[in-house]
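Visitor: Sharing a sequence plus its predicted fold:
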Amino acid sequence: MSGEVTIGIDPGLDGALSLIRNGQLIEVLDMPTNTVKVAGKKRRVIDDVQLRFDLRSEALPDGSMVVIEQQSTRPGQSSQSGLKTGYGYGLIIGVVVGLGYPYRIVTPKQWKKPFGLTDNKAESVALAAELWPYAAESFYGPRGGGKDGRAEAALIAEYHARSNTETTAA
């Protein structure tokens, strides 16, 4: 397949990866995770080996980009929770850099504003289903709600494709 590819990443344990080529949503994957034991407790973590495999399975042609949503702590978030968020975010960036892919970081406000979205995740799911009706079922899941990580990863990639901006990090 030819043409520029944009991989959108909504980081986090419930996040996702999406691949867009020429305005078409080609693939959307849940963020790969594992359950590990930490200090005697089971914890979900990003599976860095599977993430690398998922990202590496697509050879990116020239002009392609990985776009990652910036993560930050929330008011009232515990320091342990903030550390886990930062660790996962850094892990994702490290995998992207290790693969040699150009990448760009975008804030939630930056990519949501042009679409007229708020922090309501259901809006992202509805818009993604509208933009890619052939993939709408992938934005709705068996857990009773939308797969907002999948929808937001796709919209992050679409934002970049539409904005056609330069690399800010590599």
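Guide: Okay, I see it.
Visitor: Show the residue spans covered by the helices in the protein.
Guide: All helices of the chain, identified by DSSP state H, fall at 48-56, 79-98, 108-112, 121-131, 148-163.
Visitor: Which neighbouring elements make contact with the lowest-mean-pLDDT helix or strand in the chain?
Guide: Ranked by mean pLDDT, DSSP states H and E, the weakest helix or strand in the chain is helix 79-98, scoring a mean of 87. Here helix 79-98 touches strand 41-46, helix 48-56, strand 65-69, strand 103-106, going by 3 or more Cβ pairs under 8 Å, 6 or more residues apart in numbering; DSSP states H and E. C-beta: built from backbone N, CA, C; applies to glycine.
Visitor: 6 Å instead, please
Guide: With contacts taken as 3 or more Cβ pairs under 6 Å, 6 or more residues apart in numbering; DSSP states H and E, helix 79-98 sits against helix 48-56.
Visitor: which of the helices of the chain sits most buried?
Guide: Mean neighbour count (mean count of other Cβ atoms under 10 Å) peaks for helix 148-163 among the helices of the chain, with a mean of 25.
Visitor: Where does pLDDT dip in this protein?
Guide: For the chain, the stretches flagged by pLDDT under 70 are 1-2, 57-59, 141-146, 164-170.
Visitor: returning to that earlier point: for the helices of the chain, give me JSON lines that also has distance to residue 64.
Guide: Formatted as JSON lines, the helices of the chain follow (distance: least, Cβ to Cβ, whole Å):
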{"stretch": "helix 48-56", "distance to residue 64": "11"}
{"stretch": "helix 79-98", "distance to residue 64": "12"}
{"stretch": "helix 108-112", "distance to residue 64": "18"}
{"stretch": "helix 121-131", "distance to residue 64": "20"}
{"stretch": "helix 148-163", "distance to residue 64": "10"}
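Visitor: Out of those, which is closest to residue 137?
Guide: Nearest to residue 137, of all the helices of the chain, is helix 121-131, at 8.6 Å by Cβ to Cβ.
Visitor: Great, nothing more from me.
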